[in-house]
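Engineer: Build the 3D model from these lines:
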Amino acid sequence: MKDKKPRYGEKTIELTVRFWTNDISRKENHIVPRVCWEHGMITLKKNESHGLAVKRKPFKSIAHLSRAVEELLKASNVEVLHGRYTKPLYSDKLK
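Structural biologist: This is a model prediction of the structure:
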């Protein structure tokens, strides 16, 4: 893949994490402020400079969140480069 000059605002790969808040309040169509379930949806934002389309991945718990992020990036063919702190943990998985 060739390097190309990104448009303004497209230098990063952006993910949105949303936690569900449905069915928490006992009143219909109301919310309980600052309360959410531990599950939700991660959305990968469209980015033409990186050739990315919108993709979504649900997660079932906060403990599952990092794995869901990795799976979403992998499904979008995003190569994640690991730094000095995590490289030893992933060195056997890089190939």
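
Engineer: out of all of them, which helix in this protein is the longest?
Structural biologist: helix 65-75 (DSSP state H).

Engineer: can you list the residues that contact the next helix or strand along the chain from that one?
Structural biologist: Using DSSP states H and E, the helix or strand that follows helix 65-75 in sequence is helix 87-90. The contact list for helix 87-90, computed with C-beta atoms under 8 Å, 6 or more residues apart in numbering, reads His82. Where C-beta positions appear, they are placed from N, C-alpha and C, glycine not excepted.

Engineer: What average pLDDT does helix 87-90 get?
Structural biologist: Throughout helix 87-90, pLDDT has a mean value of 76.

Engineer: Would you mark the buried spots in that helix?
Structural biologist: By neighbour count with 16 or more other C-beta atoms under 10 Å, helix 87-90 contains no buried residues.

Engineer: now the farthest one out in the chain, which residue is it?
Structural biologist: Lys27 (31.4 Å; C-alpha atoms, centre = their mean).

Engineer: so which helix or strand takes in that residue?
Structural biologist: Per DSSP H and E, there is no helix or strand for Lys27.

Engineer: so how far is Cys36 from it?
Structural biologist: 17 Å (C-beta to C-beta, to the nearest Å).

Engineer: likewise Ala53?
Structural biologist: 27 Å.

Engineer: And the two? Which one has more around it.
Structural biologist: Neighbour count, other C-beta atoms under 10 Å: between Ala53 and Cys36, Cys36 has more, with 14 against 10.

Engineer: ok, what's across the strand from the nearest residue to that one once chain neighbours are set aside?
Structural biologist: Once flanking residues are discounted, Cys36 sits nearest to Phe19: 3.9 Å by C-beta to C-beta, 6 or more residues apart in numbering. On the basis of DSSP bridges, Phe19 is bridged to Gly40.

Engineer: Is it correct that Phe19 is in contact with His39?
Structural biologist: Yes. Phe19 lies in contact with His39 (C-beta atoms under 8 Å); the separation is 7.4 Å.
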